[in-house]
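Peer 1: Take this sequence and fold it.
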Amino acid sequence: MSHWPESNWSAPWEFVILGFSGWPPELRALLFALLLPLYLATLTGNLLIVGLAVVDAALHTPMYFFLGALSAVEVAYTLVLTPPMLAGFLLPPGGQAVGLSTCAAQMGLFVALGGSECLLLAAMALDRYLAICHPLYYPQLMTMGLCWCLLACCGLGGSLLALGLTTAIFQLPFCHGGLVNHVFCDLPAVLVLACGDRDLQERALLAACLLLLVLPLALILLSYTRVLAVILGVGGATGRRKAFSTVASHLTVAVLHYGCATAMYARPLRSRSLEEDKLVSLIYINLTPLLYPAIYTLRNRDVQGALWRAVGPRTPGAAHQANVT
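Peer 2: Residues are numbered from 1 along each chain as shown. Okay, the predicted model is just below:
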């Protein structure tokens, strides 16, 4: 409970995103110059995967359906977070003022997209489990109708979580002003400004984060453990190598995503430093989304082949070979 009198409890008219406004202007300009190319490369890489998954017939399979959906979520994720962060580097000291509704929308979209990505990674693990462990039944089980149903469930689950958490936080009274010590309206950075029974909201936040992180991660680890056992036990060397490469790519992305999410949100407010959180945010906002398309395009021969067919020379022989494959 806060020691401030209840008469001082009120919702601020606006929040001020402090970001790195207290850093020297030269350093902020350098960060902007370094992070802008990363942002453009992230958008380009993920949009490329989405485009290939849509236009290339060889990629019209459940695995690349989910891969395209994951890249689309990453595009939306970076569009929500990165431009305001980049703009904050160019502002004068004092931070960036945003309205209450803008802050709530930013938080809600971040949670919805992050939650949908957690569930989508679990759906991708389920797809690989069925494809490798039950290959005879896979075409009948993993239909495109089921793929769209899983995608809708992932989006709905993330959206419901975002609506619940954002509503719960912005219904709290605030007695510590509206200075958000972060690069965007993140949940912990806004929650520390609240008064009243904040412990209840914090426990609800931790429970929701653990539910969203632990259960999908357990499903992913169980699925890939079973997949690796099957890969090592049957099939030829070429098939094992291709299957293992695909699983390694998916598992690498899952570890990156869940590792960052766990480090940021699966701990109480009392044990965290908002200054450290801001530094970590530069990694999961800028670097992690960039690694996803790099992991899939550099390690996946199907995506490489689709890229070559899209940008390579269009000769009659090559076109006939693409149609045959």
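
Peer 1: how distant is the helix ranked longest in the chain from the center of its chain?
Peer 2: For the chain, the helix with the greatest residue count under DSSP state H is helix 198-233. Centre-to-centre, helix 198-233 and its host chain are 15 Å apart (C-alpha atoms, centre = their mean, to the nearest Å).

Peer 1: Buried residues, it. List them.
Peer 2: By 16 or more other C-beta atoms under 10 Å, the buried positions in helix 198-233 come out as 198, 201-202, 205, 208-209, 212-213, 216-217, 219-220, 223-224, 227-228, 230-231. Where you see a C-beta, it was placed from the backbone N, CA and C, and this is true even at glycine.

Peer 1: which residues in the chain form helices?
Peer 2: 25-55, 62-89, 100-133, 138-141, 144-170, 187-191, 198-233, 237-265, 274-282, 288-299, 301-311, 316-324.

Peer 1: Ok, which of the ones you listed comes nearest residue 180?
Peer 2: Nearest to residue 180, of all the helices of the chain, is helix 187-191, at 4.9 Å by C-beta to C-beta.

Peer 1: list the buried ones in the closest one?
Peer 2: The neighbour-count check on helix 187-191 (16+ other C-beta under 10 Å) flags 187-191 as buried.

Peer 1: Where does pLDDT dip in the protein?
Peer 2: Applying pLDDT under 70 to the chain flags the ranges 1-12, 176, 196-202, 204, 234-240, 242-243, 246, 266-272, 297-299, 313-325.

Peer 1: hmm, back to that, could I get the buried residues of helix 187-191 as TSV with distance to residue 48?
Peer 2: Below are the buried residues of helix 187-191 laid out as TSV (distance: C-beta to C-beta, whole Å):
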residue	distance to residue 48
187	31
188	34
189	33
190	35
191	37
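
Peer 1: Which of those sits closest to residue 99?
Peer 2: Using C-beta to C-beta, the buried residues of helix 187-191 come closest to residue 99 at residue 190, 13.6 Å.

Peer 1: Would you confirm that the closest one contacts residue 169?
Peer 2: Yes - look at residue 190 against residue 169 with C-beta atoms under 8 Å: they come within range, at 6.0 Å.

Peer 1: which neighbours do the two share?
Peer 2: Residues touching both residue 190 and residue 169 (C-beta atoms under 8 Å, 6 or more residues apart in numbering) are residue 107.

Peer 1: wait, residue 191 sits on residue 171?
Peer 2: No - using C-beta under 8 Å, residue 191 makes no contact with residue 171, being 12.0 Å away.

Peer 1: ok, back up a step: residue 17: which of the helices of the chain is closest?
Peer 2: helix 62-89 (6.3 Å).

Peer 1: Could you check the angle that closest one makes with helix 144-170?
Peer 2: Angle of helix 62-89 versus helix 144-170, following axes from the mean of the first three to the mean of the last three C-alpha atoms, to 10 degrees, is 30 degrees.

Peer 1: Tell me how far the nearest residue to residue 81 once chain neighbours are set aside lies from residue 186.
Peer 2: Counting by C-beta to C-beta, 6 or more residues apart in numbering, residue 81 lies nearest to residue 285, which is 5.1 Å off, once chain neighbours are set aside. Distance of residue 285 to residue 186, given as C-beta to C-beta, to the nearest Å: 10 Å.

Peer 1: Now do the contacts for the most centrally placed residue in the chain.
Peer 2: Central residue of the chain (C-alpha atoms, centre = their mean): residue 114, 4.4 Å from the mean position. Residues near residue 114 by C-beta under 8 Å, 6+ apart: 77, 158, 261.
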